[in-house]
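>>> with the sequence up front, the predicted model follows.
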Amino acid sequence: MMCFGTLSRYGEKQGLEVTILSGDRDTFQLATDKVTIRIPHTKGGKTETDEYNREKIIEKYGLEPKQLIDVKGLQGDASDNIPGVPGVGEKTALSLIQKFGSIENLYEKVEKGEADLKGKQKENIENNKELAFLSKTLGTINLEVPIQDTLDDFKVEEWDKKKVLEIFKELNFNRYIDRFSLRGEEKSKEESKDLFQMVDKSKEEVIKLIEEQKQMIFYIHTIEDLKPEKIIKEKIVGFSIFDEKTQVAIYISVQSEEDMQDFKAIFENKDIKKISINLTKTYILLKQLEINLEGMEYDIAISSYILNPTNNKLEIERLIEQYLNIDVHEWIGQEQEEKQINLFDAMQANQVENNKKEQEKYALYSYGIFKIKEITLKKLEEIGALKLFYEIDMPTIEVLSNMQWNGMYVDEEELNEFGKELTQKLETITQIIYEMAGEEFNINSTKQLGEILFEKMKLPVIKKTKSGYSTDVDVLEKLKKEDPIIQQILDYRQLMKLNSTYVEGLKPYINPKTKRIHSFFHQTITATGRISSTEPNLQNIPTRFELGKRVRKVFRPEEKKVYVDADYSQIELRVLAHISGDEHMIRAFKEGQDIHKQAASKVFKTPMEEVSKEQRSDAKAVNFGIVYGISDFGLGEQLGISRKKAKQYITEYLDQYAGIKEFMENITKEATEKGYVETLFHRRRYIPELKSNNYMVRQFGSRAAMNTPIQGTAADIMKIAMIKVYQEIKKRGLQSKIVLQVHDEMMVEAVETEKEEIKEIMKQSMESAISLTVPLIADISEAKNWYDCK
DNA sequence: AACGTCACG
DNA sequence: ACGTACGTGACGTTG
């Protein structure tokens, strides 16, 4: 592509009209009567193109296109590393060439003393002859690059829409799919129906086939089953399997729980490799039938997640569309509204037909799992993530499945009591607020609240949102001194949050049979590799304020058991110390120093012994900021200090911790070049934001680039630790169970007699999960409820 | 469904 | 002049 100058001449010689599309005005030198340059420019949001041929260039510059090289030679171009003559800019260069015609002629005249230049300009030109000629050479587009191709090689051929669609899908170029009208270019059923055969086989045949191949590629077919005692409110009604050897798919219908028992031995055989999607869900569904799923080998949602964790569509249909370019609905043929005759017979026939289609769909799913496994496995290898997949994320499935299965015991009575207390307080405070406001309104409505505070009461507006006045905590805290109603609203908000999310919100999730809450722990959601928790979210149970923290009292172990809780001390800063290699931070951790105090001492130039509480707390905020990818605005906001002051803190910090400064600078650069960042274990996150035209978006990308290796590596380490703890408990045949993970915290509900052993296992597993240049420290505590875990 | 708010690490 | 700390999920209101 470096030879478009040559190509333009070649095209001209062949008698063609040549158009060069370029964003670079340097190409103007190529313009002739037959060669036109098209330059795009934006006008009111729309991109238009201007066309330049020789005539237009002469009109615009008063020069032949070729002479623009001479202009460039004098003027230079910083972005192309062309030096030019110092002190000569666009205007001067242009007028000089208009006058003298070329650099050569200019210097000829200069040497003969005929140039009529004066002062500084004369001096500059005389002293930089070599630079001028060098610049001209550098700025000249080569017209004689050897090329082998002939005109025929450049012929535009009919493009392969299917292939392009496939590539766009893989790269998530969703806008381009529409721009080039590629929707509906998927492989049709006619093309892809021969991908595999669908056959009927008896249970016995299927079992034999799976046992022979030591592998089971399957998709579980479920329907809703809302029985309150179920952990996952679904039941298995069938499953499809794919036989790799014969490329045959089979659908097995499951009428009853007993039906599934025939497959128990296969599911429980760890030597039969299970290949599927959403193995966590499968694990629980089978566990509900007293079948222990073993031999979890490959989950295509997990492999796809590792390939791109910001890909949020990891359902089977989306993956089949993305990787195999098959539209499932089109494939099974969804034209169901054919003959809607009101006859029982017809309905029955329809039913049979629909069942068949349904089964074909599930057959396609298991075929898809097989193909996607092949594709993703190859890609995992290409990006060096096999270890991450097989040794961290796959084993994590079983740990998380067990956490969900075990659940957290909840003292329902205590929860109800707390709820009553909150409701009473809410009633009181609601009346106080109505009175202070002089009217009744919905305090939960930010719109109504805004009207009361900022229109009726005329309080100063601190911040606005898209749709009106902001009334968030930061704003209210600043308004506190203006009117006593503010404190009441803050209290109301706190009570309301606690009652709606943590009392009323939790109640429906308590399983009537186990009296436990069985949250989901998702493994393929976050951009960094962290776990997330839903229905309910047990990773955001209050802890910062006393009243909210009381929610933790309702979570307690069952009789004769005790919680053993362990959390990593400063894991993210330790990871940062390791990957940045910063000597000071490393020393602090090696010597067991107080890291925030050290930072305070460095930022505020104060001896360690003299660091005040405030200084330490400010430095702590700076440390947090560093982990998040710091900005002066953010830090200033956090600390309530000016942006300028915040900037001083940051500059001082980065001067003191030179290794961290270097890391921060390098990581953005590296991420921009490669398009992604990685954790220590090669978990990747692509950051396309870094290529955005929008400054804000790019800034965000830069912060994400700094944060992801830190947060992500910490998440990887925690997963390793959990796997170790899980396997050690299993190996020793202990009865204690892991019940919770909150990013840097892990909780085991331990049998009293096992608790000392569990403490040791946890401490050991967490601290030796990986060896860094700094020690990893886990703090262990035990208690009779979550609240008392320190 | 989107937004504002607020709970956690 | 822009308008910002990183990563999540749930609730209530509003359109």
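That came in fine, so what should we check first? Numbering: from 1, shown residues only, chains lettered A, B, ... in the order given.

>>> neighbours around whatever residue of chain A ends up closest to DNA strand C, how many?
Nearest residue of chain A to DNA strand C (Cβ to the nearest atom of the strand) works out as A:Gly625 at 2.0 Å. C-beta coordinates here come from the backbone N, C-alpha and C atoms, glycine included. Neighbourhood size, A:Gly625 [other Cβ atoms under 10 Å]: 21.

>>> my understanding was that it contacts A:Gly636; is that so?
No: A:Gly625 is not in contact with A:Gly636 according to Cβ atoms under 8 Å; the separation is 10.0 Å.

>>> any idea how far A:Ala646 is from the residue of chain A closest to DNA strand C?
A:Gly625 sits 9 Å away from A:Ala646, taking Cβ to Cβ, to the nearest Å as the criterion.

>>> what residues does the stretch 301-450 of chain A put near DNA strand B?
A:Thr446 (Cβ under 7 Å from any atom of the strand).

>>> which residue is it, in the stretch 301-450 of chain A, that comes closest to DNA strand B?
Closest residue of the stretch 301-450 of chain A to DNA strand B, Cβ to the nearest atom of the strand: A:Thr446 (4.3 Å).

>>> which residues does that residue contact?
Shown in contact with A:Thr446 (Cβ atoms under 8 Å, 6 or more residues apart in numbering): A:Thr465, A:Gly468, A:Tyr469, A:Thr471.

>>> where does the stretch 201-350 of chain A have low pLDDT?
The model of the stretch 201-350 of chain A has pLDDT under 70 over residues A:334-349.

>>> can I assume the residue of chain A closest to DNA strand C sits in a helix?
Yes: in this structure, A:Gly625 lies within a helix as judged by DSSP: H, G, I helix; E, B strand; the rest coil.

>>> nearest residue to it other than its sequence neighbours?
Take A:Gly625 and drop its neighbours on the chain: the residue closest to it by Cβ to Cβ, 6 or more residues apart in numbering is A:Leu635, 4.7 Å away.

>>> pretty sure the one you found contacts A:Ile650?
Yes: counting by Cβ under 8 Å, A:Leu635 touches A:Ile650, with 6.5 Å between them.

>>> touching both of those two, which residues are there?
Contact criterion Cβ under 8 Å, 6+ apart; residues shared by A:Leu635 and A:Ile650: A:Val622, A:Gly625.

>>> and these two? which has more neighbours close in?
Neighbour count, other Cβ under 10 Å: between A:Leu635 and A:Ile650, A:Leu635 has more, with 24 against 20.

>>> joint contacts of A:Gly625 and A:Ala646?
What both A:Gly625 and A:Ala646 touch, as defined by Cβ under 8 Å, 6+ apart, is the set A:Leu635.

>>> the residue nearest to A:Gly625 is in what secondary structure piece?
helix A:632-639 (DSSP states H and E).

>>> so what are the domain limits for chain A?
Per the record, chain A has its domains at A:4-152, A:189-382, by automatic domain parsing.

>>> how far off centre is stretch A:75-83?
The chain centre lies 39 Å from the centre of stretch A:75-83; the measure is Cα atoms, centre = their mean, to the nearest Å.

>>> stretch A:411-422 now?
Between the centre of stretch A:411-422 and the centre of its host chain there is 38 Å, according to Cα atoms, centre = their mean.

>>> return the set of buried residues in it.
Going by neighbour count (16 or more other Cβ atoms under 10 Å), the buried part of stretch A:411-422 is A:Asp411, A:Glu414, A:Leu415, A:Phe418, A:Gly419, A:Glu421, A:Leu422.

>>> can I assume the fourth one is in contact with A:Val551?
Translated: A:Phe418. Yes: A:Phe418 is within contact range of A:Val551, at 7.2 Å (criterion: Cβ under 8 Å).
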